[in-house]
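Trainee: Predicted model and sequence below, questions to follow.
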Amino acid sequence: MGGALGKLESPETKLEAKMVEAMQRRASKGTAIKSFNSIILKFPKIDDSLRNCKAIFEQFDEDSNGAIDNEELKKCVHKLGVCFTEEEIDDLFKACDINEDMGIKFNEFVVFLCLVYLLKDDAMEFEAKSRMGVPNLEATFETLVDAFVLLDKNKDGYVSKNEMVQAINESGEHSSGPIATKRFEEMDWDKNGSVSFKEFLFAFTTWVGIEDLGDDDQQ
C-alpha cells in the first residue's frame, strides 16, 4: 500500500470500508474487460441502460422536485429488497449527495444503485431490480465493476494515477500519459491522489453524459 496515501489504509467511513472490501473480493475473481478502449466502446450501451433508470428515479422522487431526500431513499432501499441499517442508508445518502444539497439528483441516484449492487452482489438479494422495469441493469453494473477492477491493478480497492497510466498504456494509446492524467483528474474528485469506486462512478456518469439529465431534462 502506498505510504503517501494514508487514506487507503483507513477509509473515511464504515461504508467506504465496506465498498473497498467488496471491491477487493470482486477483484479476486478477475475481470472480463481486456482494455480501457473496450470500456470506451461500451459507453453508448451503458448510457442507454443508465438512462432507463430515470423511471425508477421518478418513482421515488415522490414530490417531483428533481431530487430524492433521505426518507424517499429509505423507501427505495426497502423496495430494492436489500437490508441496510439506518446508519448505512445515511452513509449512502451522504456518499451519493456529492453536491451536499440534501437531495440525490439523477446522476447521484445512478451511483447509489451501483453501490447497492456492489455491496449486495448476491443476485437473489438484488433481484428486485428486475421487478422495477430496468432490463440489463445488473449486466451494466457488472460492466462498471469490471471496468474498475481492470484499473485497480494492485487490487487494493482504489485506483492510483500510476494504475490509470498503466491501463491506458495497455490500450496502446498514443500520448497515453496526458490522456491518463486527464482521465484520472476527472475521477479524483477529492484530489487526494486515489480514486474510490464511488468517485469512478461519478466520473463515468459525466463521461457518458448522465449528468446532463438534470433539472433541465423535463421532456
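Mentor: That came through fine. Numbering: from 1, shown residues only.
Trainee: For the rest of this, base every contact and every neighbour count on C-alpha atoms.
Mentor: Fine.
Trainee: Please point out which parts of the one helix or strand residue 140 maps to sit buried.
Mentor: In the assignment (DSSP states H and E), residue 140 maps to helix 137-151. Judged by neighbour count using 16 or more other Cα atoms under 10 Å, the buried positions of helix 137-151 are 137-138, 140-151.
Trainee: who does the helix or strand that that helix is followed by pair up with?
Mentor: Remark: after helix 137-151, the chain's next helix or strand is strand 159-160, criterion DSSP H and E. Strand pairing for strand 159-160, using DSSP bridges, gives strand 194-195 (antiparallel).
Trainee: Give me the residues contacting the partner strand.
Mentor: Strand 194-195 has contacts (Cα atoms under 8 Å, 6 or more residues apart in numbering) with 5, 8, 158-161, 184, 187-189.
Trainee: And the buried ones among these, selectable in ChimeraX?
Mentor: Selection of buried members from the contacts of strand 194-195 for ChimeraX, criterion 16+ other Cα under 10 Å:
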select :8,158,159,160,161,184,187,188,189
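Trainee: Now render the contacts of strand 194-195 as TSV, adding distance to residue 195 and pLDDT.
Mentor: Converted to TSV, those look like this (distance: Cα to Cα, whole Å; pLDDT from 0 to 100):
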residue	distance to residue 195	pLDDT
5	11	36
8	10	40
158	5	95
159	5	95
160	6	95
161	9	93
184	8	92
187	6	93
188	5	92
189	8	88
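Trainee: what ranges do the helices span in the protein?
Mentor: Applying DSSP state H to the chain gives helices spanning 14-27, 36-41, 43-51, 54-60, 70-80, 86-96, 106-119, 123-126, 128-131, 137-151, 161-170, 176-187, 197-207.
Trainee: Near residue 21, how many residues? Count them for me, please.
Mentor: 15 (other Cα atoms under 10 Å).
Trainee: er, residue 153 I mean
Mentor: For residue 153, using other Cα under 10 Å, the count is 18.
Trainee: The closest residue in space to it that isn't next to it in sequence: what's it in contact with?
Mentor: Once flanking residues are discounted, residue 153 sits nearest to residue 163: 6.1 Å by Cα to Cα, 6 or more residues apart in numbering. Neighbour list for residue 163: 151-153 [criterion: Cα under 8 Å, 6+ apart].
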